[in-house]
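>>> Here's a sequence, model it:
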Amino acid sequence: MNFCSQCGEKVRFAVPEGDDRSRYLCDACGTIHYQNPRIVAGTLPISGSKVLLCKRAIAPRKGYWTLPAGYMENAETTQQAAMRETWEEAFAEVNLGELYTLIDLPHINQVYMIFLADLLGGFSAGPESLEVALFEEHEIPWDALAFPTIERTLQHYYADRKNVADRKNVADQKSAAERDNAAAPVGTDYPLHSSTIMPEDRERYFGSA
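Numbers count the residues shown, from 1 in each chain. Modelled structure (predicted):
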């Protein structure tokens, strides 16, 4: 930032009185410009055993595959942002589930919030997507994913799905009464995963730049 968005005068980067970190300060009008992390909200759309991915039509990482997600807008909830981005990028309507991955990227001032979602109908490429498609686990283009946040979310999902299937196999060996008592409510099988992406994780996608 070089100029104040309030009055147009030049700003300086310094620690305001009573603060503990540097901000952009305007001496002309007294405005302190606070800059905060941006929230990226999106979904992990599921249809049966398949996951919906979008091939990006814009930079960064044009031509690589991602989950539908984008920056949250003012005056909307994280759930609304996730559903809006899913529609804008994949023209897909979803039944939104629980928050699934919460991923901090402090080196680029972002927080990813990805929700589980059931795909309700059809889909097609939105203006920010070259292509939209459903993938089985063995079809996921791991070497062509756009971001480490997407890779991590998919890794969590397939690990959780395997754990759920393993527990179901064990439950199927019990009596019907035991199985009924052990049954968990829908949506409780997949835990919330909270983690941090470090610069070295991101370098695998973007290099050292």
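
>>> Tell me how far the residue nearest to Tyr64 when sequence neighbours are not counted lies from Ala59.
Nearest residue to Tyr64, sequence neighbours excluded (Cβ to Cβ, 6 or more residues apart in numbering): Ala146, at 3.9 Å. Yep, even glycine has a C-beta here, placed from its N, CA and C like the rest. Using Cβ to Cβ, to the nearest Å, Ala146 is found at 11 Å from Ala59.

>>> show me what contacts the residue nearest to Tyr64?
Applying Cβ atoms under 8 Å, 6 or more residues apart in numbering to Ala146 gives the contacts 56, 60-61, 64-66, 205.

>>> 7 Å instead, please
Counting by Cβ atoms under 7 Å, 6 or more residues apart in numbering, Ala146 makes contact with 56, 61, 64-66.

>>> and Glu178, what pLDDT?
In this model, Glu178 is scored at 56, pLDDT.

>>> actually Val186, sorry about that
In this model, Val186 carries a pLDDT of 36.

>>> swap in Arg167?
Note for Arg167: predicted pLDDT of 80.

>>> That one: which element?
Under the criterion of DSSP states H and E, Arg167 resides in helix 148-172.

>>> for that helix, the distance to its chain's centre please.
Offset of helix 148-172 from its chain centre (Cα atoms, centre = their mean, to the nearest Å): 18 Å.

>>> got it, and stretch 1-17?
Centre to centre, stretch against its chain (Cα atoms, centre = their mean), the figure for stretch 1-17 is 32 Å.

>>> and the end-to-end length of that stretch?
Start and end residues of stretch 1-17 are separated by 20 Å (Cα to Cα, to the nearest Å).
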